[in-house]
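Undergrad: Take a look and give me a structure for this.
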Amino acid sequence: MKKLLSGFLSIILIIGLVGLCRAEEAVNKVSVGGDMRIRGQVTKNNADLNSKSYDNEQFYRHRIRLWIKGEVEEGYSGYVRLATEPRWGRPDTTYNDSSAKAEWTNHLMIDNAYLEAKDFLGTPLNLKIGRQDLTYGEGFLVFEGTPADGSRTIYFDAIKLSGVFGPNTVDLFTAKPDEKKYDLIDDEDVYGLYITNKSLADHTLDLYGLQREQRDPSLKNSTTAVGVRASGKLIENLTYAAEVAKEFGTYDKRGKDLDRDAIGGLATLTYAMPEVTTKPSIKLGAYYTSGDDSDTKDKNEAWDGFYSEFPKYGYGDLLANLTKLDKDDGTWTNHLIYEVDLKTNPFPNMTASLGYLYLAANEAPSGASKVRGRCPQAQVAYKFTPSVSGHALVQYFQSGNYYVDTNPTKVSTDNAVWGRVEMTIKF
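TA: Okay, here's the model as predicted:
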């Protein structure tokens, strides 16, 4: 009853705001919109790579978002977006379930809510304060503030100052993830400086520094990351992206502080042939995040993924699900990934993709395999209209021995499947 009442009041609120904004002469511009996404999802052996334990799932995810944006005066605006995503067919997340896990899938919630001031106080800075999405680069470190809800939302509660100074764009921010969902940490903050330089034609250079503070009594970590990212066009039809970051700080290991000493990076090359009717392209990628070396007792070399716990490798969620089998639950630490991805447009408005990933661990216990597995995948996407699109995809994970060697009591070496069919409409 409380969920229905909350949803009803939220709808009344947004309708009232629309009416109020249109009635007030002080409001210069008002826009409203939204989107609806329906996903059918199928999984097999995603939880433990073991066919003997039944963890297969078939269910639907139905996300609806409504937003309103109003400009009070020139340069001053506000934005609110509401969202909900019930999941039909999962016994732990239906409307009849009162568990905490069901709670965040079924209620109408505030996805974004921020105020923005351009040329704040006569300066060349823009101020954005409130609940907002923060994404930088390819999301190698900052993308997902709510990883436990599976792409329903990605927001942070943040204050961000940004400005453009010649060829440089500078962002300075402080933010909090959703602490109730993010690793169940009670008190966590991140501070960031991100500089983007476009002095060179066809190239972009990013420099950044991040500070992550986790103050929960059960997990007191302080991690600094300093990195550089470059992207652009090397020659005609050949583009690249490369990023490397170094991490240092302190890591709490059962009450003992260890020095963190980690490194991560990526490199991709994409060759496209737009002059060909089907516009084929090929992408080669390599991704590295360090793992903890068991031979060093006074430091931790495991990569801290900060806020990158989303399915950034592969088309779907399968590989992200498998990170939960590691001791660093749900993170992209201790990974070496090689990727080949082919794309083409066989028909107008259609994109077909075929990919292959090889996954390994950089560190493993003595005698354990470092081969995580191999993952062929395929996807077909179609744009029906400018506002309606859809896709179907499948991933097939061929398990290596790393997971069973490092977690033999819970994990086997059976293969896993993950599939999805999706339709999205924007209005």
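Undergrad: So which residues of the stretch 301-427 of the chain form strands?
TA: Using DSSP state E, counting those that start in this stretch, the strands of the stretch 301-427 of the chain run over 335-344, 350-360, 371-385, 388-399, 416-426.
Undergrad: can you give me the end-to-end distance of stretch 229-249?
TA: In stretch 229-249, first residue to last residue: 21 Å (Cα to Cα, to the nearest Å).
Undergrad: quick one: it to chain centroid distance?
TA: Distance of stretch 229-249 from the chain centroid (Cα atoms, centre = their mean, to the nearest Å) equals 19 Å.
Undergrad: If you count neighbours, what's buried in that stretch?
TA: Arg229, Ala230, Ser231, Thr239, Ala241, Glu243, Val244, Ala245, Glu247, Gly249 (16 or more other Cβ atoms under 10 Å). All C-beta atoms are positioned from the backbone trio N, CA, C, and that covers glycine.
Undergrad: which intervals of the stretch 251-400 of the chain have sub-threshold pLDDT?
TA: 327-330 (pLDDT under 70).
Undergrad: Would you format the buried residues of stretch 229-249 as a markdown table with pLDDT and distance to Lys343 included?
TA: What follows is the buried residues of stretch 229-249, written out as a markdown table (pLDDT from 0 to 100; distance: Cβ to Cβ, whole Å):
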| residue | pLDDT | distance to Lys343 |
| --- | --- | --- |
| Arg229 | 98 | 23 |
| Ala230 | 98 | 23 |
| Ser231 | 97 | 18 |
| Thr239 | 98 | 13 |
| Ala241 | 98 | 16 |
| Glu243 | 98 | 22 |
| Val244 | 98 | 26 |
| Ala245 | 98 | 28 |
| Glu247 | 97 | 33 |
| Gly249 | 95 | 39 |
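Undergrad: quick one: contacts for Met350?
TA: For Met350, the contact set (Cβ atoms under 8 Å, 6 or more residues apart in numbering) comprises Val380, Ala381, Tyr382, Lys383.
Undergrad: Nearest to Ala158, out of the strands of the stretch 301-427 of the chain?
TA: strand 416-426 (25.0 Å; Cβ to Cβ).
Undergrad: Partner strands of the closest one and their direction?
TA: strand 29-44 (antiparallel), strand 388-399 (antiparallel) (DSSP bridges).
Undergrad: thinking again about what came up before, quick one: which of the contacts of Met350 has the most company?
TA: When neighbours are counted by other Cβ atoms under 10 Å, Ala381 leads the contacts of Met350 with 18 neighbours.
Undergrad: distance of the residue lying closest to Gly265 once chain neighbours are set aside from Lys253?
TA: Excluding its sequence neighbours, the residue lying closest to Gly265 (Cβ to Cβ, 6 or more residues apart in numbering) is Val244, at 3.7 Å. In this view, Val244 and Lys253 are 26 Å apart by Cβ to Cβ, to the nearest Å.
Undergrad: quick one: which of the contacts of Met350 is nearest Ile235?
TA: Out of those, the member with the shortest distance to Ile235 (by Cβ to Cβ) is Ala381, at 27.8 Å.
Undergrad: Just grab the bridge partners of the residue nearest to the closest one when sequence neighbours are not counted for me.
TA: Sequence neighbours aside, His391 is the residue nearest to Ala381 in space, at 3.9 Å (criterion: Cβ to Cβ, 6+ apart). Counting by DSSP bridges, His391 forms beta bridges with Ala381, Glu422.
Undergrad: on that earlier part again, identify, from the contacts of Met350, the entry nearest to Leu207.
TA: Ala381 (33.9 Å).
Undergrad: average model confidence for stretch 170-190?
TA: Here stretch 170-190 scores 81 as its mean pLDDT.
Undergrad: Please name the residues that touch Asp326.
TA: Neighbouring residues of Asp326 by Cβ under 8 Å, 6+ apart: Thr333, Asn334, Thr406.
Undergrad: Can you check the pLDDT for the closest residue to Lys44 other than its chain neighbours?
TA: Using Cβ to Cβ, 6+ apart and skipping the chain neighbours, the partner closest in space to Lys44 is Val417 (4.3 Å). Note on Val417: pLDDT of 95.
Undergrad: hang on, Val417 packs against Tyr396?
TA: Yes - counting by Cβ atoms under 8 Å, Val417 does reach Tyr396; the two are 5.7 Å apart.
Undergrad: quick revisit: what's the neighbour count on the residue nearest to Ala381?
TA: His391 has 19 nearby residues by other Cβ under 10 Å.
Undergrad: Would you mind measuring from Glu116 to Asn50?
TA: Counting by Cβ to Cβ, the gap from Glu116 to Asn50 is 49 Å.
Undergrad: got it, and Thr277?
TA: Per Cβ to Cβ, Thr277 is found 46 Å from Asn50.
Undergrad: And those two? Which one has more around it.
TA: A count of neighbours by other Cβ under 10 Å puts Asn50 above the other of Thr277 and Asn50, at 18 against 10.
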